[in-house]
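In: below is the sequence, then the predicted model.
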Amino acid sequence: MAGYYRITRNIEASIIEYLTALLVAQWTDISVEKSYTRIYDISLPSVCIRVGTTTHEKAEIGADSTTRTPQVLIDIFATDDGMKLDIKDFIIEKIKGGCDYYEYEVTNGAFSNQTLNGRIRVIDIDDTPLNLNIDKERLDDHDRYRHLLTLSISLGRVET
């Protein structure tokens, strides 16, 4: 039975697909995931992409239509500080111009069809090194060299 992703899952899948192709071509054995909890079960380096807080602002007074501004969180998990910085700079370079937005059809848990339906526009990028205020030697390997990119994005459309 086929199902369709809604907007948030389409955003995640579009960005994951875009960055996976670029990262795999640049780095050896890098994983790109949607599930934050799964990161701790895989080897480094890895990147986790998910949609966080989303604001829906009224497009016009008295109407139900809104514009959506999602926050996309890109967590980078590396093996050292140099790799962390290289991966985050690479991602910023590639994502700041946006990427294609696809709508996905899923059959039996796998993508069965994707339709191009616009562009994801990056409005803003916050580049945040994570400091957990604990000696790195006491942290889990996955938490020693982490970095967070927070993107504000837009699909450039009004939702009814």
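Out: That came through fine.
In: going forward, measure contacts between C-alpha atoms and count neighbours the same way
Out: Noted.
In: longest helix of this structure?
Out: Ranked by residue count and defined by DSSP state H, the top helix of the chain is helix 7-26.
In: and that helix, what does it pack against?
Out: strand 31-33, strand 46-58, strand 99-107 (3 or more CA pairs under 8 Å, 6 or more residues apart in numbering; DSSP states H and E).
In: so where's the chain uncertain?
Out: Counting by pLDDT under 70, the ranges of the chain that qualify are 1, 132-133, 135-140.
In: spatially central, which residue of it would that be?
Out: Centroid check for the chain by CA atoms, centre = their mean gives Ile49 as the closest residue, at 3.1 Å.
In: residues near the closest residue to that residue other than its chain neighbours, how many?
Out: Computed as CA to CA, 6 or more residues apart in numbering, the closest residue to Ile49 that is not its neighbour in sequence is Ile74, at 4.7 Å. Under the neighbour criterion other CA atoms under 10 Å, Ile74 is assigned a count of 25.
In: next, Ile74: phi, psi?
Out: phi -120, psi 100 (degrees, to the nearest 10).
In: tell me the bridge partners for it.
Out: Ile49, Leu149 (DSSP bridges).
In: quick check, it in contact with Arg50.
Out: Yes - contact criterion CA atoms under 8 Å: Ile74 and Arg50 qualify, at 6.7 Å.
In: which parts of the strand ranked longest in the chain are buried?
Out: The longest strand of the chain (DSSP state E) is strand 110-129. Across strand 110-129, burial judged by 16 or more other CA atoms under 10 Å covers 119-122, 125.
In: want to try TSV for the residues you listed, with distance to Asp64 as columns?
Out: Converted to TSV, these look like this (distance: CA to CA, whole Å):
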residue	distance to Asp64
Arg119	23
Ile120	23
Arg121	23
Val122	25
Ile125	29
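In: which of these sit farthest apart?
Out: Arg119 and Ile125 (16.8 Å; CA to CA).
In: any idea how far Pro70 is from Thr28?
Out: Taking CA to CA, to the nearest Å as the measure, Pro70 falls 30 Å from Thr28.
In: neighbour count: those two, which is higher?
Out: Per other CA under 10 Å, whichever of Pro70 and Thr28 has more neighbours is Pro70, with 19 against 9.
In: which element is that one on?
Out: If you go by DSSP states H and E, Pro70 is part of strand 66-77.
In: then Gly97?
Out: Per DSSP H and E, there is no helix or strand for Gly97.
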